[in-house]
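J.: Quick one: sequence and predicted model below, then my questions.
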Protein chains: 2
Amino acid sequence: MRWIRFTAGGRTAYGIIEGDQIAEVSGDPFEGYQRTATRHALASVKVELPVVPTTFYCVGLNYAQHVVLAAQKLGIEAKLPDKPDVGYRTNNALIAHGEDVIIPADATDKVQYEGELVAVIGKRCRNVSEADALTYVLGYTIGNDVSERTWQRADRTLWRAKNSDTFKPMGPWIETDVNLDKLETIVRVNGAESVRFKTNDMIHGVALYISTISKYCTLEPGDVLWMGTDLFSPDLKSGDTVDVEITSIGVLSNRFLRATA
Amino acid sequence: MRWIRFTAGGRTAYGIIEGDQIAEVSGDPFEGYQRTATRHALASVKVELPVVPTTFYCVGLNYAQHVVLAAQKLGIEAKLPDKPDVGYRTNNALIAHGEDVIIPADATDKVQYEGELVAVIGKRCRNVSEADALTYVLGYTIGNDVSERTWQRADRTLWRAKNSDTFKPMGPWIETDVNLDKLETIVRVNGAESVRFKTNDMIHGVALYISTISKYCTLEPGDVLWMGTDLFSPDLKSGDTVDVEITSIGVLSNRFLRATA
């Protein structure tokens, strides 16, 4: 099942995608819903963020090749994380599929994509086992963890490097039927394939992360867990369009534009 | 003016504190409000979090003595931040005045308080000058940035060290009339004074932080900015009560209890 959040006729609602149509629901997939008689052409609606989380979890350094490449660029020894310590991003930075990433006027040229699998929590969970953890996931969407690498190295925190307004595209929808081991992530810049990797080749997987976080932190319905990225990105230029596809989920597409002041 | 959020008779609302009474309002201090005819005795209500933010900003290393003391404990050279890079905490960890901090069963004995001034954003702001920044603040409340120091050093991120459930007491209310330069922060453990410092002796002040953040990140009404702490904390034991007072704002009081499993 594919859940979309959308605006049509001035109203924002959740709906279920059926072919090229949306069956609008009242309520939402977290607290409960009922189908309505209203249908929309998928192509006619404004796609909204699939959810706005209470807490926005994001995993760093979760693919071995990415860790090695990042260490090479810094001239340091690569060290793979030995346990799933989670990080965070912020809601101010979220934008929907089809909206523009605005590169701040004073950013350097080192603005890059990171295509990521996003797990969307469906039910409140606290202290769940790794074996049970995935039953608390409603489904999966796609994130682009846009990063300004110069700020990432120079600042004490990741705040503007990763959380500037518009730096966190997420969407286009939530797919509930996913076989993690079959997924591939493909990132395209202006239509040309840039990187491709097995989505689930993670150092620590979704279930272990959810189980570990839930020992200390209650996960709420609608919380999102971005799972990190593999490989690398070229430096993006104003006017570039980045598509992050995860097979069987969809394509998250956003144009990058540099602010003029 | 003092804004409180509270529950009485099964209903949660905002109100204005007048002596030992609360004048209930409809609406809220961010989007607009109207006084109602309903009044409550302040002592009779359940105090709630004054606000739940969209983004929870928190400043680290913002008092010189605290930086020096922290560096001494790590055996490294103290280095004062030369610019206001902001960090974050998470909503799952928030609890109200009077609620218990639950120390996880596997935490070490190194659980400590950090008494902090909290600025509550009143109006959306983006790219505001330092001179104008404080006009976007609705008022000030108090935070206790509870920290498990062993995890803080051992983990790659601050996630459970600072964001375990119940580790972020905030309240009891929002005071709108504050002279920052006159404030003193006093922390008491079981009634005995533990530390006292000038609240505004910050390396980088509230106005500079808001102005800097707003160059890249839109601050929303109800967002909170925790301003860091000075000095040190003893290790807290199960059963201890920590009061964080900031003069002319109020007292945030919470008991610490260790979970048994």
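T.: Here it is on my side, so go on. Numbering: from 1, shown residues only, chains lettered A, B, ... in the order given.
J.: so A:Ile246 touches A:Ile142, yeah?
T.: Yes - look at A:Ile246 against A:Ile142 with C-beta atoms under 8 Å: they come within range, at 5.3 Å. Where you see a C-beta, it was placed from the backbone N, CA and C, and this is true even at glycine.
J.: between the two, who's got more neighbours?
T.: When neighbours are counted by other C-beta atoms under 10 Å in any protein chain shown, A:Ile142 comes out ahead of the other of A:Ile246 and A:Ile142, with 29 against 24.
J.: A:Pro104: how many residues sit nearby?
T.: 18.
J.: Can you tell me the SS state at A:Arg160?
T.: Judged by DSSP: H, G, I helix; E, B strand; the rest coil, the three-state class of A:Arg160 is helix.
J.: and it, how many residues sit next to it?
T.: A:Arg160 has 24 nearby residues by other C-beta under 10 Å.
J.: Just read off the phi/psi values of A:Arg209.
T.: Not quite, residue A:209 is Tyr, not Arg. Backbone torsions of A:Tyr209, given as degrees, to the nearest 10, read phi -60, psi -50.
J.: dump the residue contacts of the closest residue to it other than its chain neighbours.
T.: Nearest residue to A:Tyr209, sequence neighbours excluded (C-beta to C-beta, 6 or more residues apart in numbering or on different chains): A:Pro84, at 4.9 Å. Shown in contact with A:Pro84 (C-beta atoms under 8 Å, 6 or more residues apart in numbering or on different chains): A:59, A:204, A:208-209, A:212-213.
J.: Which one of the residues you listed is nearest to chain B?
T.: Closest approach to chain B among the contacts of A:Pro84 (C-beta to the nearest C-beta): A:Ile213, at 7.5 Å.
J.: doesn't the closest one fall inside a helix?
T.: Yes - with three-state DSSP as the criterion, A:Ile213 is part of a helix.
J.: sec struct for A:Arg39, please.
T.: strand.
J.: Pull out the buried residues from the worst-scoring helix or strand of chain A on mean pLDDT.
T.: Lowest mean confidence among the helices and strands of chain A (mean pLDDT, DSSP states H and E): helix A:64-74, at a mean of 88. For helix A:64-74, the neighbour count (16 or more other C-beta atoms under 10 Å in any protein chain shown) marks A:66-67, A:70 as buried.
J.: so A:Ser194 sits right up against A:Ser233, yeah?
T.: Yes - counting by C-beta under 8 Å, A:Ser233 is a contact partner of A:Ser194 at 7.0 Å.
J.: before we move on, the earlier item: need the contacts of A:Pro84 in a markdown table with distance to A:Pro29, pLDDT and neighbour count, can you?
T.: Shown next, in a markdown table, are these (distance: C-beta to C-beta, whole Å; pLDDT from 0 to 100; neighbours: other C-beta atoms under 10 Å in any protein chain shown):
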| residue | distance to A:Pro29 | pLDDT | neighbour count |
| --- | --- | --- | --- |
| A:Val59 | 23 | 96 | 26 |
| A:His204 | 26 | 98 | 20 |
| A:Leu208 | 24 | 98 | 15 |
| A:Tyr209 | 21 | 98 | 23 |
| A:Thr212 | 25 | 98 | 20 |
| A:Ile213 | 21 | 98 | 28 |
